[in-house]
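Undergrad: Here is a sequence together with a model predicted from it:
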Amino acid sequence: MSLYQFQAKQNVPISLERAWDFLSDPKNLKIITPPEMGFHILSGADRPMYPGQIIHYLVSPLKGVKTQWVTEITHVVDKQFFVDEQRFGPYKFWHHKHFLKSIEGGVVMEDIVHYKLPMGFVGTIAHGLFVRKKLETIFEFRRNKLIELFGDFKQ
């Protein structure tokens, strides 16, 4: 069983404070998630992120397949990074680090995701056929939505 890694990086022309306020509010995750994912927060998004916060979602990773996803915010360093880890959900393992750093003209956002899929060999095949591509599509949607919301980065 493989441990996979996915990374995404994006420069956004907003202040660190504005980026942090947007990204550390769990309710905004729905805005930057593709609509076809059927993303809906069931509980736990009633305040900005804090360590130990449990957030319960309903999501449709595949068309017609709905599943519940429970994550815990395990680490938060104000205006620097936070980590969410799956407790229950579609992955066997999910560890997602979100980093923010001020740069000239804005902020750089970096995501590093480590994940494992269930079902052994079948999960490995699924990763090659569509899971990796689905993650790329989700993060590309997010990239485009952040440009729509905050503008494109020019330097």
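TA: That came in fine, so what should we check first?
Undergrad: give me the low-pLDDT residue ranges for the protein?
TA: 1, 123, 155 (pLDDT under 70).
Undergrad: quick check, distance from the longest strand anywhere in it to the centre of its chain.
TA: Using DSSP state E, we find that the single longest strand of the chain is strand 65-77. Remark: strand 65-77 is offset 9 Å from the chain centroid, using CA atoms, centre = their mean, to the nearest Å.
Undergrad: Mind listing residues that contact that strand?
TA: 24, 38, 42, 49-61, 81-90, 94 (CB atoms under 8 Å, 6 or more residues apart in numbering). Quick note: C-beta positions are derived from backbone N, CA and C, even for glycine.
Undergrad: just checking, next helix/strand downstream of it?
TA: Sequence-wise, the next helix or strand downstream of strand 65-77 (DSSP states H and E) is strand 81-88.
Undergrad: Okay, now the sheet partners of that following strand, with direction.
TA: strand 65-77 (antiparallel), strand 93-103 (antiparallel) (DSSP bridges).
Undergrad: doesn't P90 fall inside a helix?
TA: No: assessed with DSSP: H, G, I helix; E, B strand; the rest coil, P90 is coil; it does not lie in a helix.
Undergrad: Contact partners for it?
TA: By CB under 8 Å, 6+ apart, P90 lies in contact with 59, 61, 67, 69, 118.
Undergrad: Quickly note the distance from the residue nearest to the spatial centre of the chain to G64.
TA: Centroid-nearest residue in the chain: H96, 6.9 Å away (criterion: CA atoms, centre = their mean). Distance, H96 to G64, using CB to CB, to the nearest Å: 25 Å.
Undergrad: quick revisit: ok, which of the strands paired with strand 81-88 comes nearest L3?
TA: Closest of the strands paired with strand 81-88 to L3 is strand 93-103, at 7.3 Å (criterion: CB to CB).
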